[in-house]
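Novice: Attaching a predicted model along with its sequence, questions to come.
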Amino acid sequence: MVNDTIRVQRSHRSIRAFTDEPVADDIIDVLMDVVAQAPTSSFYQQRTVIRVADPSVREAIRQASGQPYVGGTRGELFIFVVDLYRNAQIRAEAGLDNAVLESSALFLQGIEDTLIAAQNLVVAAESLKLGTVYLGSIGGDLRLVIEALKLPERTFPLLGVLVGHPDQNPTLKPRLPQEFTVATDSYPRFENLHTALADYDEVVRQYYDLRDASRPVDSFTRQIEAKPGLGRAEQEAIREVLTEQRLALY
Ligand SMILES: Cc1cc2nc3c(=O)[nH]c(=O)nc-3n(C[C@H](O)[C@H](O)[C@H](O)COP(=O)(O)O)c2cc1C
C-alpha cells in the first residue's frame with residue numbers, strides 16, 4: 001500500500017544545502033496553510049510560526065544555532081514557537097487569571113502542537129520536491145532568538161526549519177530496525193543492546209554523512225556513548241529560560 005504521500009515520507013532525508021532559487025510565494029502560502037490546519041491539542045492552537053525575512057534577524061538565528069548553513073539567503077527559514085501568549089491575552093482581556101497557563105501540562109501541549117505543525121510543513125515541502133532540515137540548534141542561544149523575534153512571555157522558540165530547493169542529494173540515513181522501535185502491547189526489551197545492534201552498527205558505519213564526506217560516521221552505539229550533552233543546545237539553561245518566559249512553572 002504505497003501512494004505519493006508515503007513515498008515522500010519514506011524517502012525523507014535532511015537537506016542542508018540549497019540552490020539560490022527562491023521558494024515561490026505561492027508555495028510559502030501553501031506551507032503556511034498546512035501549518036495552520038495541523039491538529040491541535042484541545043483546540044488551544046498554542047503555536048505560531050514566524051517566517052524570517054529580515055537578513056539581520058536571520059543572522060541572529062544563525063549565531064544562535066552556530067551552524068553556517070542557517071545564515072545567508074538560500075532557503076526560507078521558519079521558526080516554530082510554542083505560544084501560550086495569545087491565549088493568555090484572550091484570558092486577560094476577559095479579566096481572568098493566567099496561572100493555569102503556567103503548568104507543565106499546558107506547555108507540553110504547546111510543544112505537541114508546535115511539532116505537529118512543523119512536521120506538516122516538512123511533509124508538504126518534501127512533497128513539492130523541496131528539501132528541509134529541522135534546526136534544534138537554534139536552542140544554542142534561546143535568549144538571542146527570543147530577542148531577535150521579539151517573543152513575548154509565555155512563548156518559546158522550539159525549532160527552526162529551513163526549506164529550499166536542494167543543492168545536494170544525500171542517501172537515506174538508515175534507521176534502527178523496527179524490532180527496536182516498534183512494539184505491540186509492551187515495551188521491547190533486549191538483554192544486551194550492543195550485541196543486538198551489532199549489524200545495525202555496521203550499517204551506520206557504512207553511511208557517509210555529507211556533512212563530513214571524508215570519513216564514515218561512527219556506529220550508532222558509539223554515537224550514543226559519545227554525543228549526548230555536547231551540543232550547545234543540549235547545554236542551554238532551559239529551565240531558567242522557561243522561568244523567564246513564565247512557562248512550565250509547576
Ligand atoms: C527535532 C530535530 C532537530 C534537529 N536539529 C538539527 C539541527 O539543528 N541541525 C541539523 O543540521 N540537523 C538537525 N536535525 C536533523 C537530524 O540531524 C536528522 O533528521 C537526523 O540526523 C536523521 O537524518 P535524516 O533526516 O537525513 O534522515 C534535527 C532533526 C530533528 C527531528
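Specialist: That came through, no problem.
Novice: Just the pLDDT at the residue of the chain positioned farthest from its centre, thanks.
Specialist: Most distant residue from the mean C-alpha position of the chain: residue 95, 34.9 Å away (C-alpha atoms, centre = their mean). Residue 95 is assigned a predicted lDDT (pLDDT) of 98.
Novice: Reduced to three states, what does it come out as?
Specialist: coil (DSSP: H, G, I helix; E, B strand; the rest coil).
Novice: can you list the domains in this protein?
Specialist: 4-170+237-244, 178-226 (automatic domain parsing).
Novice: Please convert these to a markdown table, extending it with distance to the ligand.
Specialist: C-beta coordinates here come from the backbone N, C-alpha and C atoms, glycine included. Formatted as a markdown table, the domains of the chain follow (distance: least, C-beta to the nearest ligand atom, whole Å):
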| stretch | distance to the ligand |
| --- | --- |
| domain 4-170+237-244 | 3 |
| domain 178-226 | 7 |
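Novice: In this protein, which helix is the longest?
Specialist: helix 104-127 (DSSP state H).
Novice: export that one as CSV, just CAs?
Specialist: C-alpha atoms of helix 104-127 as CSV (Å, rounded to 0.1, in the frame of the first residue of the first chain):
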residue,chain,number,x,y,z
SER,A,104,4.0,21.8,32.6
ALA,A,105,1.0,20.1,31.1
LEU,A,106,-0.1,23.1,29.1
PHE,A,107,3.5,23.7,28.0
LEU,A,108,3.7,20.1,26.9
GLN,A,109,0.5,20.5,24.9
GLY,A,110,2.1,23.6,23.3
ILE,A,111,5.2,21.6,22.3
GLU,A,112,2.9,18.9,20.8
ASP,A,113,1.0,21.4,18.8
THR,A,114,4.2,23.1,17.6
LEU,A,115,5.9,19.9,16.5
ILE,A,116,2.9,18.6,14.6
ALA,A,117,2.6,21.9,12.7
ALA,A,118,6.3,21.8,11.8
GLN,A,119,6.1,18.2,10.5
ASN,A,120,3.1,19.2,8.4
LEU,A,121,5.2,21.8,6.8
VAL,A,122,8.1,19.3,6.3
VAL,A,123,6.0,16.7,4.6
ALA,A,124,4.2,19.2,2.4
ALA,A,125,7.5,20.8,1.4
GLU,A,126,9.1,17.5,0.6
SER,A,127,6.0,16.5,-1.5
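Novice: Strand partners (parallel or antiparallel) of the helix or strand that comes right after it?
Specialist: Using DSSP states H and E, the helix or strand that follows helix 104-127 in sequence is strand 131-135. Partners of strand 131-135 in the sheet, by DSSP bridges, are strand 155-164 (antiparallel).
Novice: how much does the longest helix of the chain deviate in direction from strand 131-135?
Specialist: Using axes from the mean of the first three to the mean of the last three C-alpha atoms, to 10 degrees, the direction of helix 104-127 lies 160 degrees away from that of strand 131-135.
Novice: so how far does stretch 71-88 reach from one end to the other?
Specialist: Length of stretch 71-88, first residue to last, C-alpha to C-alpha, to the nearest Å: 33 Å.
Novice: quick one: buried residues of it?
Specialist: 71, 74-88 (16 or more other C-beta atoms under 10 Å).
Novice: hmm, which two among the residues you listed are most spread apart?
Specialist: The distance between the two most remote of the buried residues of stretch 71-88 (C-beta to C-beta) is 36.3 Å, for 74 and 88.
Novice: tell me how far stretch 141-148 is from the chain's mean position?
Specialist: In this view, stretch 141-148 has its centroid 16 Å away from the chain centroid, taken as C-alpha atoms, centre = their mean, to the nearest Å.
Novice: what helices or strands is the longest helix of the chain leaning on?
Specialist: Contacts defined by 3 or more C-beta pairs under 8 Å, 6 or more residues apart in numbering; DSSP states H and E place helix 104-127 against helix 4-10, helix 25-36, strand 47-52, strand 76-83, strand 131-135, strand 155-164.
Novice: Now that helix: average pLDDT?
Specialist: Helix 104-127 shows a mean pLDDT of 98.
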